[in-house]
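S.K.: Got a predicted model here, sequence first, then my questions.
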Amino acid sequence: MHALVAIPKKTIQRVVQSHLEQMSIQVTATENGLEAQDSLKANTYDLPITEEFLPYINGLELIEFARSMKIPTIVIGDTNSEEKVTEAFALGAADFISKPYSVGALGARVKNMLTHYRI
């Protein structure tokens, strides 16, 4: 399995990447939405994981782009407001996790995606 992780803060990005790699998941990490979208165009991914707010192209736009490619996406949101969560799902998110979150919880959601979407 190959995941694209779009998280702008390098320290958080490294922690998430390390945890996913311990789960035997290959990870490509990007710091902004434009890099993530370009990477989605150029490579094959099973699961993008994106923060809601990214530089250049936000995570919600990235969800739509991934949906057009029929790729399920996990969104990490700064809020758990019903409006934002609903918007993310309406745009095609397969799952939404609110900050603060633990990498263990994110890992469990990734495992769920592996089972649910048979990635």
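M.R.: Received it, and whenever you're ready, just let me know what you need.

S.K.: quick one: I97 is in a strand?
M.R.: Yes - counting by DSSP: H, G, I helix; E, B strand; the rest coil, I97 is found in a strand.

S.K.: what's the closest non-adjacent residue to it?
M.R.: Distances taken as Cβ to Cβ, 6 or more residues apart in numbering place I76 nearest to I97, at 5.4 Å, with adjacent residues excluded. For glycine as for every other residue, the C-beta is placed from the backbone atoms N, C-alpha and C.

S.K.: List the beta-bridge partners for that neighbour.
M.R.: E51, I97 (DSSP bridges).

S.K.: Surely it and P48 touch.
M.R.: No - checked against Cβ atoms under 8 Å, the pair I76 and P48 is beyond contact range at 11.1 Å.

S.K.: which of those two has more neighbours?
M.R.: P48 (28 against 23; other Cβ atoms under 10 Å).

S.K.: element containing that one?
M.R.: Element membership for P48, per DSSP states H and E: strand 47-51.

S.K.: what mean pLDDT does that strand have?
M.R.: For strand 47-51, mean pLDDT rounds to 95.
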